[in-house]
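Peer 1: sequence first, predicted model second:
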Amino acid sequence: MKTVVTRRRILMKGRVQGVGFRPAVHRLAMLLELSGFVVNDTRGVTIELQGEEQQIEEFLRRLTTSDRPPLAQIKSREVLDLPVSEGERGFAIHESLAEGAVLSEVSADVAICADCVRELWDKEDFRYRYPFINCTNCGPRYSIIKTIPYDRPNTTMSVFEMCTACAAQYRDEADRRFHAQPVACPRCGPKVWLADRAGKPLLMDNDEVIAETARLLRAGRVVAIKGIGGFHLACDALNNDAVLRLRQRKRRDYKPFAMMAASVGTVRKYAIVDRAAEELLASPQSPIALLPRRPDAAIAPAVAEGTSALGFMLCYAPLHYLLFAEGLDVLVMTSGNISDEPLICNSELALERLGDVADAFLMHDREIYRQVDDSIVHFVAGGPALLRRARGYVPTPLYTEEESPQHVLAAGADLKNTFCLVKHNQLILSEHIGDLEDAEVYHHYVQSIEHLKGLLEVEPQVVACDLHPGYLSTQYAKSLPAARVIEVQHHWAHIASVLAEHGLAGPVIGLECDGTGYGTDGAIWGCECMIASLTSFKRFGHLAYYPLAGGDRASKEAIRPLLSLLRQAYGEDFTLAEFAWLLERIEPDQRKLRLILDQIDKGINTVNTSSLGRVFDAVAAMVGLGSCNHFDAQLPMALEAIAQPGVEDRYEYDLHPRSGEPVQLSLRKTVQGLVGDLKRAETAAVLSAKFHNTLAEALLAMAKAARESTRLETAALSGGVFCNRYLVNRLVMRLKQEGFAVLLNRDVPSNDGGIALGQAAIATQLVRRVPFGINA
Ligand SMILES: [Zn+2]
Ligand SMILES: [Zn+2]
């Protein structure tokens with residue numbers, strides 16, 4: 001039979017760069033005796049294949065199934081017939097092309113793979129005990145890329161010239177390191193050293209550095225360790241004095257610390273690890289997983305006080321493995337920064353800022369170009385959900401069905417900020433930036449937007465931002481030249497983030513439980529039921545407003561919402577004398593109590609709010625869990641942590657429908673019920689459970705009222721308070737029992753870290769409907 005030779009060009013888009021895609025293509029083409037070439041460009045990967053039709057079909061089948069590199073994700077494929085190139089022999093990998101109109105995906109950093117771990121411990125391997133071992137399936141990516149395409153000269157590895165052995169592997173299509181951009185070995189690659197707090201090198205030999213670092217950690221010292229996306233501050237998590245020292249020096253008094261261990265077996269000693277958690281811990285993304293604490297866990301109390309969960313991650317860099325092999329069990333590994341400043345990734349800056357925090361510095365000379373925090377995941381309603389989206393997940397985009405006709409920048413919110421860029425059919429959410437109130441975080445925010453715009457070749461013609469006129473992100477958005485600005489209400493953006501994740505346009509019944517977000521009426525919203533789509537929303541109901549006195553302090557001091565809620569619940573019957581038994585342990589200063597109550601009664605320096613976060617603060621204070629949020633959501637987290645399982649009881653609440661106005665949810669009877677239980681000396685654990693149950697029932701009732709009025713059957717949940725596992729689990733269960741389909745945030749945080757995605761989805765949808773002129 002006569003064979004017919006054909007030639008095809010295939011353009012593949014998706015996560016196809018930096019994931020061993022070209023080597024896989026090369027191997028497969030050689031195997032199937034096809035000639036041609038493969039090349040990376042800014043659009044993705046272009047392959048030209050020449051050979052028998054059948055073989056080409058087989059190639060395409062296998063490349064997308066059995067021979068697909070493990071980290072690759074092919075999102076689209078275009079095939080074009082070409083004239084046969086006579087006399088072509090062999091298959092080549094061409095140099096990357098810098099031009100190309102469209103965007104290709106830059107991949108996220110990947111935890112060390114099993115093959116590299118094996119080689120790390122193999123005495124025969126020339127990378128035995130090498131702290132920077134990596135291959136096409138693992139290693140740093142996003143954190144070292146300066147510009148696309150993803151090729152060594154465009155990364156911070158460009159300063160290391162490959163030795164003959166590394167270069168041979170890099171060029172050998174049969175090798176696991178074929179075109180692995182960060183490939184290196186002890187002879188030619190980055191090195192570690194140990195420095196004192198002044199930066200003076202103490203030890204340079206690899207094995208001595210590792211052994212001495214481990215010795216310092218075992219002795220209770222704090223060591224700053226340069227990693228993949230930045231510095232960690234490390235200390236022994238079983239040594240309470242060491243942890244307290246770190247807290248004091250880092251000026252972080254209360255917020256829980258994350259920990260690292262070398263194996264799931266070690267994590268199991270301290271936390272409950274089910275199969276889903278085990279899979280997550282060992283995933284290539286390697287996030288911090290929040291896991292239920294074992295009651296007998298021997299973790300130092302100062303690591304995480306007042307929480308029911310412990311945050312664990314596994315070693316994800318070869319350097320971590322080497323350290324833990326020196327007899328370390330579990331380390332605190334917290335972001336290398338002071339308080340709420342940005343994560344530090346630069347060695348000089350680390351010495352300057354952390355010189356008083358760390359006793360020693362484990363340094364290396366592979367430059368970190370992008371600082372990327374560890375991601376945080378928890379398990380809720382039967383699956384994992386991101387609470388902080390950074391290393392391992394960024395910049396993996398979310399895809400939309402239709403392309404956006406214009407580039408969009410969504411500026412995000414001011415707390416837990418992320419921003420989002422939209423290009424074609426991709427929504428690219430930035431890594432966790434932080435709270436913009438800190439001047440350095442704000443500076444980092446502006447720089448990051450510029451960097452990511454350049455990296456992804458996005459020139460936004462449309463900018464979306466929050467409605468809050470006081471947000472720095474809003475002011476930044478409005479300061480941009482030649483951009484159309486779309487302001488998006490905070491809670492609408494929350495619900496839109498759920499819709500975007502699920503590829504839906506709505507409408508749905510949106511339930512938002514949140515701290516604060518600026519409302520269209522100038523009030524601070526925070527417990528909302530809205531009928532929302534990507535193009536509009538209607539406020540169906542909300543928690544009845546209560547006046548909150550004292551501006552910024554109201555989100556810290558629980559006494560402020562508490563006095564307001566008590567006044568609302570008891571009216572004139574509420575007096576400071578009558579409730580002295582409850583109030584004096586929360587705020588002993590009588591003058592201050594009188595002042596706040598006076599402000600509430602006269603409406604001086606108050607704002608109306610439906611914030612649910614502040615109600616949690618008040619209830620946590622009532623049951624004796626403290627009077628102040630030293631970090632965001634400290635009191636609500638403490639209240640969740642003590643909720644007694646198995647309690648089915650709840651308090652009363654009221655829903656007040658008003659014609660033409662949103663439904664009002666009143667918690668007057670709930671507050672009265674709590675006070676009654678306190679007088680009866682019911683335990684805080686029971687009160688907490690009953691309070692949570694009340695909210696779940698009240699939100700369900702609101703959703704049912706919305707369903708009756710709209711015939712919609714789907715409820716979407718979002719907002720910072722939905723980081724509360726007890727509340728979400730209970731509410732989702734009840735909604736499903738009552739026949740609702742329920743949507744939650746999974747890939748992006750339900751807290752303000754997901755706002756930018758919602759803003760981007762709304763802006764994109766609005767632009768699609770009515771394209772704005774570039775200088776409109
Ligand atoms: Zn590897
Ligand atoms: Zn080498």
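Peer 2: Arrived safely. Ligands and ions are numbered 1, 2, ... in the order given.
Peer 1: which parts of the protein sit against ligand 1?
Peer 2: Within the chain, the positions near ligand 1 by C-beta under 5 Å from the ion are 113, 116, 135, 137-138. For the C-beta atoms, the positions are set from N, CA and C on the backbone; glycine is no exception.
Peer 1: in the stretch 101-250 of the chain, where is pLDDT below threshold?
Peer 2: 101-105 (pLDDT under 70).
Peer 1: ok, which stretches of it are helices?
Peer 2: In the stretch 101-250 of the chain, the segments counted as helices under DSSP state H, counting those that start in this stretch are 114-120, 164-171, 206-218, 240-250.
Peer 1: who's in contact with the second one?
Peer 2: Same thing as helix 164-171. With contact meaning C-beta atoms under 8 Å, 6 or more residues apart in numbering, helix 164-171 is reached by 126, 162, 175-180, 183-185, 187-189.
Peer 1: sorry, back to before: for PyMOL, what selects the buried ones among the residues of the chain next to ligand 1?
Peer 2: Buried members of the residues of the chain next to ligand 1, identified by 16 or more other C-beta atoms under 10 Å, are gathered into one PyMOL selection as follows:
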select buried, resi 113+116+135+137+138
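Peer 1: tell me the contacts of the nearest residue to residue 254 once chain neighbours are set aside?
Peer 2: In space, and not counting its chain neighbours, residue 254 is closest to residue 630: 4.3 Å by C-beta to C-beta, 6 or more residues apart in numbering. Residue 630 is in contact with 253-255, 556, counting by C-beta under 8 Å, 6+ apart.
Peer 1: which residues of this structure lie near ligand 2?
Peer 2: 163, 166, 185, 187-188.
Peer 1: pick the one among the residues you listed closest to residue 621.
Peer 2: residue 185 (58.0 Å; C-beta to C-beta).
Peer 1: hmm, that closest one is touching residue 130, no?
Peer 2: Yes: taking contacts as C-beta atoms under 8 Å, residue 185 lies within contact range of residue 130: 6.1 Å.
Peer 1: when those two are compared, which one has more neighbours?
Peer 2: More crowded of residue 185 and residue 130, by other C-beta atoms under 10 Å: residue 130, with 24 against 20.
Peer 1: which residue does the stretch 401-550 of the chain have closest to ligand 2?
Peer 2: residue 455 (27.7 Å; C-beta to the ion).
Peer 1: correct me if wrong: that residue contacts residue 149.
Peer 2: No: with contact defined as C-beta under 8 Å, residue 455 does not reach residue 149; the gap is 10.8 Å.
Peer 1: more crowded one of those two?
Peer 2: residue 149 (24 against 20).
Peer 1: wait, doesn't the more buried one sit right on residue 41?
Peer 2: Yes: with contact defined as C-beta under 8 Å, residue 149 and residue 41 form a contacting pair (6.4 Å).
Peer 1: picking that back up, dump the helices of the stretch 101-250 of the chain to CSV, plus distance to residue 424.
Peer 2: Formatted as CSV, the helices of the stretch 101-250 of the chain follow (distance: least, C-beta to C-beta, whole Å):
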stretch, distance to residue 424
helix 114-120, 34
helix 164-171, 32
helix 206-218, 45
helix 240-250, 42
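Peer 1: tell me both backbone torsions, phi and psi, for the residue of the stretch 401-550 of the chain found nearest ligand 1.
Peer 2: Here the stretch 401-550 of the chain gets closest to ligand 1 at one residue, residue 431, 22.6 Å apart by C-beta to the ion. Backbone geometry at residue 431, expressed as degrees, to the nearest 10, gives phi -70, psi 160.
Peer 1: and it, what does it touch?
Peer 2: The neighbourhood of residue 431, defined by C-beta under 8 Å, 6+ apart, consists of 370, 372-373, 389-391, 394-395, 418, 448.
Peer 1: out of the residues you listed, who's the most crowded?
Peer 2: residue 391 (31 neighbours).
Peer 1: quick one: contacts of the least confident helix or strand in the chain by mean pLDDT?
Peer 2: None of the helices or strands of the chain scores lower by mean pLDDT, DSSP states H and E than strand 398-399, at a mean of 82. With contact meaning C-beta under 8 Å, 6+ apart, strand 398-399 is reached by 75, 425-427, 429, 500-501, 747-748, 757.
Peer 1: if we can go back for a sec, closest one to residue 202 out of the residues of the chain next to ligand 1, please.
Peer 2: Checking the residues of the chain next to ligand 1 against residue 202 with C-beta to C-beta, the nearest one is residue 116 at 28.0 Å.
Peer 1: what distance do you get for the closest one to residue 358?
Peer 2: According to C-beta to C-beta, to the nearest Å, residue 116 and residue 358 sit 28 Å apart.
Peer 1: now the helices for the stretch 251-400 of the chain?
Peer 2: Taking DSSP H, counting those that start in this stretch as the criterion, the stretch 251-400 of the chain carries its helices at 264-270, 275-281, 318-324, 347-354.
Peer 1: list the helices and strands the helix or strand residue 678 falls within packs on?
Peer 2: Taking DSSP states H and E as the criterion, residue 678 maps to helix 668-679. Taking 3 or more C-beta pairs under 8 Å, 6 or more residues apart in numbering; DSSP states H and E as contact, the helices and strands that helix 668-679 lies on are helix 559-570, helix 612-622, helix 684-710.
Peer 1: among the ones you listed, which is nearest residue 198?
Peer 2: Here helix 612-622 is closest among the helices and strands packed on helix 668-679 (C-beta to C-beta), at 43.4 Å.
Peer 1: and the contacts of the closest one?
Peer 2: Outside helix 612-622, the residues that touch it by C-beta under 8 Å, 6+ apart are 513-516, 526-527, 543, 548, 554-555, 558-562, 565, 582, 586, 626-627, 629, 633, 635-636, 638-639, 667, 674-675, 678, 687-688, 691, 695, 719-721.
Peer 1: equivalent analysis for stretch 684-698, please.
Peer 2: 513, 612, 619, 622-625, 639-640, 642-645, 647-653, 655, 665, 667, 670, 673-674, 677-678, 724, 726-727, 730-731, 734.
Peer 1: check the residues you listed for burial and list the buried ones.
Peer 2: Neighbour-count burial (16+ other C-beta under 10 Å) applied to those gives 513, 612, 619, 622-623, 625, 639-640, 642-643, 650-651, 653, 665, 667, 670, 673-674, 677-678, 724, 726-727, 730-731, 734.
Peer 1: using CSV, write out every CA atom in stretch 658-670.
Peer 2: What follows is stretch 658-670, C-alpha atoms only, in CSV (Å, rounded to 0.1, in the frame of the first residue of the first chain):
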residue,chain,number,x,y,z
ARG,A,658,-41.6,45.2,53.7
SER,A,659,-43.4,45.9,50.5
GLY,A,660,-41.0,47.5,47.9
GLU,A,661,-38.1,47.2,50.3
PRO,A,662,-35.6,44.5,51.1
VAL,A,663,-36.6,41.9,53.7
GLN,A,664,-35.2,42.6,57.1
LEU,A,665,-33.6,39.9,59.3
SER,A,666,-33.8,40.8,62.9
LEU,A,667,-31.6,39.2,65.5
ARG,A,668,-33.2,40.9,68.5
LYS,A,669,-34.6,37.6,69.8
THR,A,670,-31.3,35.9,69.1
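Peer 1: please identify the buried residues of it?
Peer 2: Within stretch 658-670, the residues that count as buried by 16+ other C-beta under 10 Å are 662-668, 670.
Peer 1: in the stretch 51-200 of the chain, which spans are strands?
Peer 2: Assignment of strands within the stretch 51-200 of the chain using DSSP state E, counting those that start in this stretch yields the ranges 73-82, 91-93, 192-196.
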